[in-house]
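1. no sequence on this one, just coordinates:
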């Protein structure tokens, strides 16, 4: 059906196997590049979008400088192949623009202005103390140091319980900043609420050493992707090729089928293959796995797709003609008397749709943007992000400007340009990244999702490893990250390389 990537030189017959990769994010591109380097001559990548990159989307909507609509940082340095790749090719940012441009409880500085809705500023010592306490409590969970009682809780429940021991928990400002910290942690977890995330399971996530927020240089994330793309022969990636069905286990005794797998696209094109590596997001699998595969996926894999969480994190970029905030301000952080991550507010809003009226309360604040001196970026997660995605850009922009005026009390002009991500309603992604919900065994589910599919009944002469799975959701320790996605793509390519080497 397809014949491409005929590399020069004598390849062994085993290298003539046909491999289709579904998706051109870091997992898909890494898988394809690893296979090509390993001598595979028939590698095809099918991409649903009209661009490569998946959840990496580097663009230039305002000026000639890049913005990241999707993945923003390389998380960690030691043992991070993407950090090493970026460093090797001089793709990391240097100087002041390398500093973080999103507030985090782990790295709140004096340049972060915390405002209440009445326009008063929260004292910096209160912010510092609460953020420091919050970091210690989350570190305890990530380091697997929770006691038996806390391990059974949601992350939000554990944090509330533990924070009550701190003196500032009894103050209004202390509680408000603490709620802000939880709201921001929702951005890390890609969840609607920390009251839906497992406290015990987050210890399986491994944070690599050497700085959590590593900013890329002028080329952004796309420049790192381009390094991998250079290894692919022309024509390897086909865009606008959304996969409709993946038929596997096609070779039956006495039949003349040459290949066990057939991939059919929405555009009618079909491709026969020996192996398919599926790197579609967990969001797409939740949406389509039940109908995409013939025969259907085994129950443990369907359970993993259902049980793992896949949340939405969106960015609201506001571009102004001139800067209106002080030079020493790295961001306007908003604290509410009744924020959405307050336990009572969360419980009260768990039924009904009243929360939609105050969707904007989920925005943590507006941070300055690297290389864009007159732009700000707001972050929003979960169901509020999904609701925001249904609104017009103009309404979102007006709401954000009103928030800035109300909280900071500054003279804030209208935004002249806007860029708003809508990952949740993007049918080719359906969200941002993975989290482990309360009462879900993350390790078991990540492994079930990652396990390759041989035919259900092993018969003589039938190829194993027909359907393989990669992507951040298939990594036990590095889910949510680009390096996790990259490593799983390499993992599945190596699985095939090893199979044909044996």
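-> Yep, it's here. Please read these numbers as outputs of a predicted model, since none were measured by experiment.
2. Quick check on the closest residue to residue 321 other than its chain neighbours: phi, psi?
-> Nearest residue to residue 321 in three dimensions, chain neighbours excluded: residue 416, at 5.2 Å (CB to CB, 6 or more residues apart in numbering). Bear in mind the C-beta positions are built from the backbone N, C-alpha and C, glycine included. The phi/psi pair for residue 416 (degrees, to the nearest 10) reads phi -80, psi -20.
3. How about residue 369?
-> For residue 369, the backbone dihedrals are phi -120, psi 130 (criterion: degrees, to the nearest 10).
4. wait, doesn't it sit right on residue 375?
-> Yes. The pair residue 369 and residue 375 qualifies as a contact (CB atoms under 8 Å) at a distance of 4.3 Å.
5. who touches both of those two?
-> A shared contact of residue 369 and residue 375, defined by CB atoms under 8 Å, 6 or more residues apart in numbering, is any residue touching both; here these are 67, 317.
6. tell me the mean pLDDT for stretch 432-444?
-> Stretch 432-444 shows a mean pLDDT of 97 in the predicted model.
7. same question but for stretch 354-372, I mixed them up
-> When pLDDT is averaged over stretch 354-372, the result is 96.
8. Ok, stretch 185-195 next?
-> What stretch 185-195 shows for mean pLDDT is 96.
9. hang on, the earlier thing: got the contact list for the residue nearest to residue 321?
-> For residue 416, the set of contacting residues under the criterion of CB under 8 Å, 6+ apart consists of 319-321.
10. For the closest residue to residue 126 other than its chain neighbours, identify the helix or strand it belongs to.
-> Leaving out its chain neighbours, the residue that sits closest to residue 126 by CB to CB, 6+ apart is residue 173, at 4.8 Å. Using DSSP states H and E, the element containing residue 173 is helix 172-189.
11. which residues of the stretch 401-502 of the chain fall in strands?
-> For the stretch 401-502 of the chain, the strands identified by DSSP state E, counting those that start in this stretch occupy 417-420, 433-435, 467-469, in order along the chain.
12. Take the ones you listed and write them to CSV, including mean neighbour count and distance to residue 184.
-> Shown next, in CSV, are those (neighbours: other CB atoms under 10 Å; distance: least, CB to CB, whole Å):
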stretch, mean neighbour count, distance to residue 184
strand 417-420, 18, 19
strand 433-435, 28, 15
strand 467-469, 25, 31
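13. quick one on the thing from earlier: follow the chain on from the helix holding residue 173 and name the next helix or strand.
-> Taking DSSP H and E as the definition, the helix or strand that follows helix 172-189 towards the C-terminus is strand 214-215.
14. still on that earlier bit, from the contacts of residue 416, list just the buried residues.
-> When the contacts of residue 416 are checked for burial by 16 or more other CB atoms under 10 Å, the buried set is 319-320.
15. Dump the contacts of residue 416 to TSV, plus distance to residue 261 and secondary structure.
-> Formatted as TSV, these follow (distance: CB to CB, whole Å; DSSP: H, G, I helix; E, B strand; the rest coil):
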residue	distance to residue 261	secondary structure
319	46	strand
320	52	coil
321	54	coil
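16. Which of the contacts of residue 416 lies at the shortest distance from residue 220?
-> Sorting the contacts of residue 416 by how near they are to residue 220, with CB to CB, puts residue 319 at the top with 16.8 Å.
17. Excluding covalently adjacent residues, which one is nearest to that closest one?
-> What sits nearest to residue 319 in space, not counting adjacent residues and going by CB to CB, 6+ apart, is residue 417, at 3.9 Å.
18. for this structure, which spans come out with low pLDDT?
-> Residues of the chain that meet the criterion pLDDT under 70 lie in 1-14, 94-107, 211-213, 253-256, 455-461.
19. Which residue lies nearest the spatial centre of it?
-> Of all residues in the chain, the one closest to the mean position by CA atoms, centre = their mean is residue 433, 3.4 Å from it.
20. how about the nearest residue to residue 63, chain neighbours excluded?
-> By the measure of CB to CB, 6+ apart, the closest residue to residue 63 outside its immediate chain neighbours is residue 372, 6.9 Å from it.
21. does that neighbour really touch residue 66, like I thought?
-> No. Between residue 372 and residue 66 there is no contact, the gap being 9.3 Å when judged by CB under 8 Å.
22. who has more neighbours, these two?
-> In this comparison of residue 372 against residue 66, neighbours counted by other CB atoms under 10 Å, the higher total goes to residue 66 at 22 against 19.
23. ok, that one touching residue 58?
-> Yes. Judged on CB under 8 Å, residue 66 makes contact with residue 58 at a distance of 5.1 Å.
24. Number of residues surrounding residue 149?
-> Burial of residue 149, expressed as a neighbour count using other CB under 10 Å, amounts to 9.
25. One more: residue 248?
-> Burial of residue 248, expressed as a neighbour count using other CB under 10 Å, amounts to 24.
26. which residues touch it?
-> Neighbours of residue 248 in contact, by CB under 8 Å, 6+ apart: 260-261, 276, 293-295, 453, 455, 466-467.
27. Can I get those in JSON lines including distance to residue 268?
-> Written out in JSON lines, the entries for these read as follows (distance: CB to CB, whole Å):
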{"residue": "260", "distance to residue 268": "22"}
{"residue": "261", "distance to residue 268": "18"}
{"residue": "276", "distance to residue 268": "18"}
{"residue": "293", "distance to residue 268": "19"}
{"residue": "294", "distance to residue 268": "17"}
{"residue": "295", "distance to residue 268": "22"}
{"residue": "453", "distance to residue 268": "25"}
{"residue": "455", "distance to residue 268": "27"}
{"residue": "466", "distance to residue 268": "23"}
{"residue": "467", "distance to residue 268": "22"}
